[in-house]
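Peer 1: Please work out how this folds:
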Amino acid sequence: VKDGSWTVLQLVEALGFCLENTDPRTRGRGIQLLSQVLLECHSLLQEKEALHLVLFYENRLQDHHLVIPSVLQGLRALVSSSPGLAVSVLKAIFQEVHVQSLLQLDRHTVYSIITNFMGTREEELKGLGADFTFGFIQVMDGEKDPRNLLVAFQIVRDLIAKNYALGPFVEELFEVTSCYFPIDFTPPPNDPHGIQREDLILSLRAVLASTPQFAEFLLPLLIEKMDSDLQSAKLDALQTLTACCAIYGQKELQEFLPSLWSSLRREVFQTASEKVEAECLAALHALAACLSRSVLSSDAEDLLDSFLSSILQDCRHHLCEPDMKLVWPSAKLLQAAAGASLRSYHRLTHSVLPLLLEQYNKHSQSSQRRTILEMLLGFLELQQKWGHVEEDESTVLSLRAPVCSVVFSALTDPSVQLQLVGIRALTVLGSLQGWCLASPGEAGGGLRVCIAYVPPSVLFPPGSEAAMEAAGSLAPVYPKVFSGRMVPRLGEELQSGRERSLDLRSLRQRCLQALAAVSTHTSIVRETVPVLLQHLRKVQKGTAGSAQEVISVCQSLHRVALQCQQDAEGCWYFHQAVVPCVLAMAVQASTQPLLGKALLEEDVLAAMVPVISAATTHLSPELAAQSVAHVVPLFLDGEVSFLPQNSFPCSFQPFEGECLEAQRRLVALLMAFVCSLPRDVAIPQQERLLRELLALSCSCNCPFTATTAAKCFAGLLNKHPAGQQLDEILQLAVNRMEPGLAEGPRREQALTLLLWVSREPPGRGHPVPALCPSQLLGLLGDVELGPAAADGFSLLMAESPDVLHKGCHADVRIMFRQRFFTDNVPKLVQGFHGAGPDVKANYLKGLSHVLNHLPKPVLVTELPTVRAGRELLTPPALSCSDRVVQLSTLSCLQPLLLEAPQIMSLHIDTLVTKFLSLTSSPAMAVRIAALRCAHALTSLPTIVLLPYKARVIRALAKPLDDKKRLVRKEAVAARGEWFLVGSPGR
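Peer 2: Residues are numbered from 1 along each chain as shown. The predicted structure is shown next:
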């Protein structure tokens, strides 16, 4: 038929003996063959042929029940080739076929035919009117298979969504679907179809909540299920009610509102389940929102008002009870309804807020006041939802004075817990529009009094963190209050000359954190940055022990820089104020090492790097060009004229051969600046700078300086435009690296340079990146450089925090880690098998670094397919004494055990033995990782685990007495899961 040598009608004639045979089995086989041909060749049929075949198949629907499945298959094939015959086919199916007596696959075929007709012959089917709906009800009635139910539910949704006529069959359509509510289905183990209970629940819910016509039948059913003892039924009913409220109106809900409210109130007051309570509150919110949306006629009853009156009547008196037993459930109900609409919010807060303020002043115990203030806070947070409201409309704004009084009372209360709630309330009040518009004598002035109380809270724990968060939120709203009150107070604390002590250091630490927290407005940044820089100068002049304070200042400056990045004015101010000042202090320290040697420590310089980087990344190209014109000449030519206080005892020449080692260390600051510039900013004397950095990275004896020079060189190369100059620089780098790697005293520096240049190379297809994997693999067998080369795999795969990432405008290749894994893991495995015993650990460490930095979904997908890598990962890696190898291997194995249990079952004996031995490792991190893997083993098939159950339970008894709490915690979880292995229902 496909070749055209036969037509379908000729095939029918040739099959005549079978099709007319008296034996139904023979007729069935004949029609089956014809149907299979039609499934393959239906697109070749002419319209006349399709018509004859459809009529033939319709007639065959009256045949023996053994023939019907093949007939249905043929009709499914003819669906798309039979215009004008949809009504005829469906009428024949509805009249002649008892669908529910067929097998599941044949019933699914019927649903498929109906679905296809609904998608392609909609107008024809609508011509049937309500008969089509009634016919489908007969087809679906009694369906039990979940695969078919998903399709049937979709058909019902389409019937309603596409406005098919339901006629007098609305209740019948509801009954035929609602009989499955609530869904009670547990998928069989190893179900190949993957249908979950949640799929059926969501599909049925979409049907029940698809039309208001079901309301009179559905709402009594939901109320019945809400009152049942089965929690799953309660949850399903509540979630379905919430979904229905999106399409229902006042008309549908009116009759059932009292019963719905009664059920919801009872559940919130009595339930012990947080899930049920949350769904009840969501349903109440949806009911109030539905009533709020309803358009009322002039003579209609306002159901929202009467519904809210019922809620107030049943909840308000609980707020006044002395024992406060039902205070929280009542408050949650009121807040759920109040959050539904602005009208419901006004109606409820008008009654509730004055009562809460009265109760706060009535109670004297801090715990009771805290509860009441938390309820008040819930209503204040709802006010944020509606934005600015006129004062005569807003209960909250009309109560500003008493609310501020309550908040100030909480802030000054001795109870820390009450203070924390007061701080949260103050944060919310500060964000409400209208509160900052009052004159000083009004309530807004009271709010300013509350805000003025924030600084002491910032300085003294345990409320300091919450107060800082509040200050950061309030500062953009009240910048003048914070600039005039808080910043000077914090500056005074920093500049105080009291003796050093642990408490004073902690106080200064909080002052620095607070200054950074409030720097959320440009005007405040102009006040805080000079204070921070002044303190940094003071610390620079100090003696030993000041390094940690410098780091603290830098951390605060970094936070300020991040907060300024989205504001162009604030970003440029910060850059102009901070970068020259930090460079000046560092240059001064490098030219007078004895004066400020704390600034030259590696940890301090590492803390300065993100400050300069964050101050530079978001500059506009024009402003960045102004800045780079000063900074690069500073390092290349010693041009210090743009620095503040630029009188130094000697010249600053970090790239000169005779310069102080301290000056070379400042290349880290150069790296932070130039590697964070936008890509289109031209760097002056770039070729000279690259050559100087290349020379320094290969010749410097200080590992810190050599590494930062290599990173800076790599960062500049990454942004360098392609061309001859780039090729020359790269070739020069290759010429310096290859001899350095072969021999000499600075092999490690050459290796570091090779790694950084190859990490994110410029351009595509350049020979330098191709060098790295082969060089690294060769160096793994080197006794001297092998361990460093193995760690180099971590550098290649890990995210870089300071250079070569998208945040600093670098060109980052996508899918690099996946490609690196695919290309190099087989070579690592091959090298391991051919290596000597003294260097095998290097290959294991390199492999573990690659796997540890591979995205977990990729690891789970790819590693099981690499058989050699999997075998290497299990026995040898877990036997290695290197803790880095052990830890990274365990972290790789855990997701594999959970996601690829069938494959990992092949190594069960080795895994159990090694995991149990590592639970006694001297390293706590290894013990924890081994216990987590032992826990993950329980995801393997039970039949595989049972022979090891007793052994594992005995072995895991020892970690229960571990001296570290975190280890004991993991041991309890793992041992408990192993006890359940093989239990019924697991």
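
Peer 1: If you count neighbours, what's buried in the lengthiest helix in the chain?
Peer 2: Taking DSSP state H as the criterion, the chain has its longest helix at helix 568-591. Within helix 568-591, the residues scored as buried using 16 or more other C-beta atoms under 10 Å are 570-575, 577-591. For every residue, glycine as well, the C-beta is placed using N, CA and C.

Peer 1: repeat for stretch 532-544
Peer 2: By neighbour count on 16+ other C-beta under 10 Å, the buried set for stretch 532-544 is 532-533, 535-536, 539-540.

Peer 1: swap in stretch 53-69?
Peer 2: So for stretch 53-69, counting by 16+ other C-beta under 10 Å, buried means 53-54, 56-58, 60-61, 63, 67-69.

Peer 1: Show me which of the residues you listed is closest to Leu15.
Peer 2: Phe56 (11.2 Å; C-beta to C-beta).

Peer 1: so who does the closest one touch?
Peer 2: By C-beta atoms under 8 Å, 6 or more residues apart in numbering, Phe56 lies in contact with Val12.

Peer 1: I'd like the next helix or strand past the strand or helix carrying it.
Peer 2: Applying DSSP states H and E as the criterion places Phe56 in helix 47-60. Going down the chain from helix 47-60, the next helix or strand is helix 68-78, by DSSP H and E.

Peer 1: what distance separates that following helix from the centre of its chain?
Peer 2: When distances are taken as C-alpha atoms, centre = their mean, to the nearest Å, helix 68-78 is centred 48 Å away from the chain's centroid.

Peer 1: same deal with stretch 790-803?
Peer 2: With C-alpha atoms, centre = their mean, you get 24 Å for stretch 790-803.

Peer 1: which residues in the stretch 751-900 of the chain form strands?
Peer 2: Assigned strands in the stretch 751-900 of the chain: none (criterion: DSSP state E, counting those that start in this stretch).

Peer 1: Run through it and note the low-pLDDT ranges.
Peer 2: Low-confidence segments of the stretch 751-900 of the chain (pLDDT under 70): 760-772, 860, 862-879.

Peer 1: where are the low-confidence patches of the stretch 601-750 of the chain?
Peer 2: 657-659.

Peer 1: residues in contact with stretch 551-560?
Peer 2: 508-509, 512-513, 515-517, 519, 525, 528-529, 532, 535-536, 539, 574, 578, 603-604, 607-608, 610-611, 614.

Peer 1: circling back: and the next helix or strand past the longest helix of the chain?
Peer 2: helix 602-616.

Peer 1: Read off the pLDDT value for Arg197.
Peer 2: Per-residue pLDDT puts Arg197 at 87.

Peer 1: Skipping adjacent residues, who's closest to it in space?
Peer 2: Sequence neighbours aside, Phe185 is the residue nearest to Arg197 in space, at 4.9 Å (criterion: C-beta to C-beta, 6 or more residues apart in numbering).

Peer 1: Report how many residues lie close to the one you found.
Peer 2: Residues lying near Phe185 (other C-beta atoms under 10 Å) number 15.

Peer 1: again with the one 4 residues further on
Peer 2: The local packing of Pro189 (other C-beta under 10 Å) involves 5 other residues.

Peer 1: Let me see the ranges of the helices in the stretch 51-200 of the chain.
Peer 2: Assigned by DSSP state H, counting those that start in this stretch, the helices in the stretch 51-200 of the chain fall at 68-78, 86-96, 104-120, 122-126, 130-140, 146-161, 170-178, 197-208.

Peer 1: Give me whichever of the ones you listed is most buried.
Peer 2: The highest average neighbour count among the helices of the stretch 51-200 of the chain, using mean count of other C-beta atoms under 10 Å, belongs to helix 68-78 at a mean of 24.

Peer 1: contact partners of that one?
Peer 2: 28, 31-32, 34-36, 38-39, 42, 45, 50, 53-54, 57, 60-61, 63, 89, 93, 97, 102-103, 105-106, 109-110, 112-113, 116.

Peer 1: tilt between it and helix 104-120?
Peer 2: Helix 68-78 and helix 104-120 meet at an angle of 20 degrees, taking axes from the mean of the first three to the mean of the last three C-alpha atoms, to 10 degrees as the criterion.

Peer 1: Helix 47-60 and helix 68-78, what's the angle between them?
Peer 2: 160 degrees.

Peer 1: picking that back up, could you dump the buried residues of stretch 532-544 to TSV with distance to Lys840 and pLDDT?
Peer 2: Formatted as TSV, the buried residues of stretch 532-544 follow (distance: C-beta to C-beta, whole Å; pLDDT from 0 to 100):
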residue	distance to Lys840	pLDDT
Leu532	52	92
Leu533	53	92
His535	53	89
Leu536	50	89
Val539	49	84
Gln540	49	80
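
Peer 1: In strands only, show me those residues.
Peer 2: Applying DSSP state E to those, no entry is found in strands.

Peer 1: how near is Trp572 to Thr522?
Peer 2: As for Trp572, its distance to Thr522 is 10 Å (criterion: C-beta to C-beta, to the nearest Å).

Peer 1: In the stretch 451-600 of the chain, where is pLDDT below threshold?
Peer 2: Ranges of the stretch 451-600 of the chain meeting pLDDT under 70: 451-463, 497-503, 542-545, 593-596.

Peer 1: That one: helices as residue ranges?
Peer 2: Ranges of helices in the stretch 451-600 of the chain, per DSSP H, counting those that start in this stretch, are 454-459, 464-474, 479-481, 487-495, 502-517, 522-540, 547-564, 568-591.

Peer 1: And the ones you listed: which comes nearest Thr240?
Peer 2: helix 464-474 (38.4 Å).

Peer 1: related to what we said a few turns ago, and the longest helix of the chain, how far out from the chain middle?
Peer 2: On the basis of C-alpha atoms, centre = their mean, helix 568-591 is displaced by 36 Å from the centre of the chain it belongs to.

Peer 1: on contacts alone, who are the packing partners of it?
Peer 2: helix 522-540, helix 547-564, helix 602-616, helix 621-637, helix 661-665, helix 667-674 (3 or more C-beta pairs under 8 Å, 6 or more residues apart in numbering; DSSP states H and E).

Peer 1: and Arg485, which of these is closest to it?
Peer 2: helix 522-540 (11.0 Å).

Peer 1: so that closest one versus helix 487-495, what angle?
Peer 2: 10 degrees.

Peer 1: Helix 522-540 to helix 568-591, inter-axis angle?
Peer 2: Using the same axes, to 10 degrees: helix 522-540 against helix 568-591 is 10 degrees.

Peer 1: Any idea how far helix 522-540 is from the middle of the chain?
Peer 2: The answer for helix 522-540 is 36 Å, by C-alpha atoms, centre = their mean.

Peer 1: Does it pack against any helices or strands, and if so which?
Peer 2: By 3+ C-beta pairs under 8 Å, 6+ apart, helix 522-540 packs against helix 479-481, helix 487-495, helix 502-517, helix 547-564, helix 568-591.

Peer 1: Pro801: which of those is closest?
Peer 2: helix 547-564 (11.9 Å).

Peer 1: roughly how far is the closest one from the heart of the chain?
Peer 2: Here the centre of helix 547-564 is set off from its chain's centre by 27 Å, with C-alpha atoms, centre = their mean.

Peer 1: got it, and stretch 206-217?
Peer 2: With C-alpha atoms, centre = their mean, you get 35 Å for stretch 206-217.
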